[in-house]
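**Student:** any chance you can model this:
(chains A, B, C and D)
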2 protein chains.
Amino acid sequence: MVYLECMTTAFTVGRVARLAGITVRTLHHYDDIGLLTPSGRATNGYRSYDETDIERLQQILAYRELGLGLDEIARAIDATNDIEVLAEAQRRIRERLDRLDRIAANLDSTIEARKKGLHMTPEQRLEAFGDFDPEEFADEAKDRWGGTPTYDESVRRTSSYTTDDWKRYRAEASNLDDRFLALMDAGIGAESDEAAQLVDAHRSLITRWFYECTPDIHAGLGAMYASDPRFRENIDKAGAGLAEFLSASIAARYRD
Amino acid sequence: MVYLECMTTAFTVGRVARLAGITVRTLHHYDDIGLLTPSGRATNGYRSYDETDIERLQQILAYRELGLGLDEIARAIDATNDIEVLAEAQRRIRERLDRLDRIAANLDSTIEARKKGLHMTPEQRLEAFGDFDPEEFADEAKDRWGGTPTYDESVRRTSSYTTDDWKRYRAEASNLDDRFLALMDAGIGAESDEAAQLVDAHRSLITRWFYECTPDIHAGLGAMYASDPRFRENIDKAGAGLAEFLSASIAARYRD
DNA sequence: GTAGACCATCCCGTCGCGTGAGGGTCAAGG
DNA sequence: CCTTGACCCTCACGCGACGGGATGGTCTAC
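**Tutor:** Numbers count the residues shown, from 1 in each chain, chains lettered A, B, ... in the order given. Just a heads-up that it's a prediction; the model follows:
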């Protein structure tokens, strides 16, 4: 306003900070690194921000909201035409809004699932956060186990299991583990009739919960339990040597 | 899955990182500070994340998105029931969405104003960022200058000025400054007829752009130009001593 | 003239990782 | 059997964006 300028312009740090919802320290910092240097100083040395400074601050804050680094912000603002800067900030903010929307939706369905007792896969839980890789993981699993009908069926069936279902399955499995371990402790061998009965129970368990487990498949699975360290470690959690014993029992059952 | 567990569970750091769109280092960090400790380690020492870990990570990421510190996140998750945690995260995310919406709307109107050449006040530019203080600033100004009819009128009129309007005003004012400075340089006194003419032009300028500037008001304004350091500094930017000279000229004009 | 609210400049501290350095693990292929 | 490449591990230093205190000047306000 020139003749009336000090009425409207000439903001001190504190005032700018309050208006913008930031701290004085932040303005000092922006001055230090040259991101927002106040256009003037009063005779007492106080920083004096004018309207153009505020305009720049507006742009800075818009970009900051997106998590850009201060140097990136500086480049973004200084490089291009100022209306372009705002429009770009606009676009980025809208992207951000989309992301938050996805996350909110994800939490929604997580809460829903939790209420209904439904189970969610890890991929479902994290899909809103990763930038996007719809298949990548499923592919990884398929490369190893998949393409086979048993794998596919298992995926289909387990996808609708609730958390309670999983609990019940785990209880059943744990019970079976204990019975195997009891045999081991009692010194009853893997070739015994008792072991053969438990093997049948094991096959039935897998068929009921995952896929049609034929004797052939079961034999293959049993071999893996002992040889593949991933299965082995996992099974041995229930008791040391269980993987070996289970594998031997299965092998004995189908040996004839 | 117990017997099939290694097919689905047992994620390595890299896999979790890819799924969640974060870096391995971040997972290491969360492990270091105890925010997310993998539920197990493989025999080779590799971190092994299971489904419950992923669930926790989901909650962590949701909170992180809001800019909470990691210790706050830990407290939020550990303190309360887990479904409550998710619901709370939900609420915070929605707040965040609101804020971003406000900022986007603000940028919208800024861009619109820019296109139409309209002028925006600093308060308008920053209102979306500050937590909220609708009046605070206006109050500050009013405490000093306001309540007076001249101030109110000035606010009313200038609020509709475009940036071009401001440019034209500044040009006029700058021109007037130069003419005053020319008198000073020529050694023509503040009591001269030439100065009196310029004083009238100055009063007319203020009346045309801001408010009905009566001789009384003008005299008061002139006194302030010299005495109030804020006015003085601002006016002296155009030329050292201008505030003093202008003030003296105005005083002389109305002395009779 | 002194109290309280601002302002200034230094400068060390913190948080959330980034980024090597230095080294083991593990299928896959020559 | 050895290598290559893609993983994994543990230090440990560094950095960006401020926070926050120390120390001291400035400015209305009673």
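**Student:** quick one: which helix or strand includes the closest residue to DNA strand C within chain A?
**Tutor:** For chain A, the residue closest to DNA strand C is A:Gly14, as judged by CB to the nearest atom of the strand, at 2.6 Å. To be clear about C-beta, it is placed using only N, CA and C from the backbone, and glycine gets the same treatment. Using DSSP states H and E, A:Gly14 falls within helix A:13-20.
**Student:** buried stuff in that helix?
**Tutor:** Going by neighbour count (16 or more other CB atoms under 10 Å in any protein chain shown), the buried part of helix A:13-20 is A:13, A:15-20.
**Student:** ok so, going back, pretty sure the residue of chain A closest to DNA strand C is touching A:Val24, no?
**Tutor:** Yes: counting by CB atoms under 8 Å, A:Val24 is a contact partner of A:Gly14 at 6.0 Å.
**Student:** follow-up on the earlier one: may I see the buried residues of helix A:13-20 organised as CSV, with pLDDT added?
**Tutor:** CSV is the format used below for the buried residues of helix A:13-20 (pLDDT from 0 to 100):
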residue, pLDDT
A:Val13, 95
A:Arg15, 90
A:Val16, 92
A:Ala17, 93
A:Arg18, 90
A:Leu19, 89
A:Ala20, 92
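**Student:** which of these are close to chain B?
**Tutor:** Checking the buried residues of helix A:13-20 against chain B by CB under 8 Å from any CB of the partner chain, the ones in range are A:15, A:18-20.
**Student:** contacting residues around stretch A:27-38?
**Tutor:** By CB atoms under 8 Å, 6 or more residues apart in numbering or on different chains, the residues outside stretch A:27-38 that reach it are A:13, A:16-17, A:47-50, A:53, A:56-57, A:60, A:70, A:73-74.
**Student:** can you give me the strands in chain A?
**Tutor:** Assigned by DSSP state E, chain A shows strands spanning A:40-41, A:47-48.
**Student:** tell me the predicted confidence for A:Ala62.
**Tutor:** Turning to A:Ala62, the model gives it a pLDDT of 90.
**Student:** then the one 3 residues further on?
**Tutor:** Residue-level confidence at A:Glu65 comes out at 88, pLDDT.
**Student:** next up, the contacts around the nearest residue to it once chain neighbours are set aside.
**Tutor:** Once flanking residues are discounted, A:Glu65 sits nearest to B:Ile103: 6.0 Å by CB to CB, 6 or more residues apart in numbering or on different chains. B:Ile103 is in contact with A:62, A:65, A:93, B:128-129, counting by CB under 8 Å, 6+ apart.
**Student:** need the max-distance pair from these.
**Tutor:** Farthest apart among the contacts of B:Ile103 by CB to CB are A:Ile93 and B:Phe129. That separation is 12.4 Å.
**Student:** how near is the residue nearest to the spatial centre of chain A to chain B?
**Tutor:** Geometric centre of chain A, nearest residue: A:Leu126, 3.3 Å, by CA atoms, centre = their mean. Counting by CB to the nearest CB, to the nearest Å, the separation of A:Leu126 from chain B is 5 Å.
**Student:** one more: A:Ala74?
**Tutor:** Computed as CB to the nearest CB, the A:Ala74 to chain B distance reads 18 Å.
**Student:** low pLDDT regions in the stretch 1-150 of chain A?
**Tutor:** Counting by pLDDT under 70, the low-confidence segments of the stretch 1-150 of chain A come to A:1-9, A:81, A:131-150.
**Student:** actually the stretch 151-256 of chain A, sorry about that
**Tutor:** Low-confidence segments of the stretch 151-256 of chain A, defined by pLDDT under 70: A:151-152, A:155, A:159, A:228-230.
**Student:** just the helices in it please.
**Tutor:** For the stretch 151-256 of chain A, the helices defined by DSSP state H, counting those that start in this stretch cover A:163-186, A:193-209, A:215-227, A:229-236, A:242-253.
**Student:** touching chain B at all, the first one?
**Tutor:** Put plainly, it is helix A:163-186. Yes: contact of helix A:163-186 with chain B (CB under 8 Å from any CB) involves A:169-170, A:173-174, A:177.
**Student:** that helix packs against which elements?
**Tutor:** helix A:193-209, helix A:242-253 (3 or more CB pairs under 8 Å, 6 or more residues apart in numbering or on different chains; DSSP states H and E).
**Student:** for these, which one sits closest to B:Ala113?
**Tutor:** Ranking the helices and strands packed on helix A:163-186 by distance to B:Ala113, with CB to CB as the measure, places helix A:193-209 first at 64.0 Å.
**Student:** could you tell me the angle between the closest one and helix A:215-227?
**Tutor:** 110 degrees (axes from the mean of the first three to the mean of the last three CA atoms, to 10 degrees).
**Student:** for helix A:193-209, which positions count as buried?
**Tutor:** Neighbour counts over helix A:193-209 (16+ other CB under 10 Å) mark A:194-196, A:198-199, A:202-203, A:205-206, A:209 as buried.
**Student:** again with stretch A:234-244
**Tutor:** A:234-236, A:238-239, A:242-244.
**Student:** that one and DNA strand C, any residue contact?
**Tutor:** No: Stretch A:234-244 stays clear of DNA strand C (CB under 7 Å from any atom of the strand), getting no nearer than 14.4 Å.
**Student:** how long is that stretch end to end?
**Tutor:** From its first residue to its last, stretch A:234-244 covers 12 Å (CA to CA, to the nearest Å).
**Student:** next one: the residue lying closest to A:Pro122 once chain neighbours are set aside from B:Ala219, what distance?
**Tutor:** Once flanking residues are discounted, A:Pro122 sits nearest to B:Ile54: 4.1 Å by CB to CB, 6+ apart. Applying CB to CB, to the nearest Å, the value for B:Ile54 to B:Ala219 is 77 Å.
**Student:** so between those two, which is more surrounded?
**Tutor:** More crowded of B:Ile54 and B:Ala219, by other CB atoms under 10 Å in any protein chain shown: B:Ile54, with 22 against 17.
**Student:** pull the contacting residues for that one.
**Tutor:** The contact partners of B:Ile54, taken as CB under 8 Å, 6+ apart, are A:122, A:125-126, B:11, B:16, B:19.
**Student:** can you lay out the residues you listed as JSON lines showing distance to DNA strand D?
**Tutor:** Below are those laid out as JSON lines (distance: CB to the nearest atom of the strand, whole Å):
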{"residue": "A:Pro122", "distance to DNA strand D": "14"}
{"residue": "A:Arg125", "distance to DNA strand D": "18"}
{"residue": "A:Leu126", "distance to DNA strand D": "15"}
{"residue": "B:Phe11", "distance to DNA strand D": "8"}
{"residue": "B:Val16", "distance to DNA strand D": "8"}
{"residue": "B:Leu19", "distance to DNA strand D": "11"}
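**Student:** quick one: which of these is nearest to A:Arg99?
**Tutor:** The nearest member of these to A:Arg99, counting by CB to CB, is A:Leu126 at 13.5 Å.
**Student:** does the closest one really touch B:Gln58, like I thought?
**Tutor:** Yes: applying CB under 8 Å, one finds A:Leu126 in contact with B:Gln58, separated by 6.3 Å.
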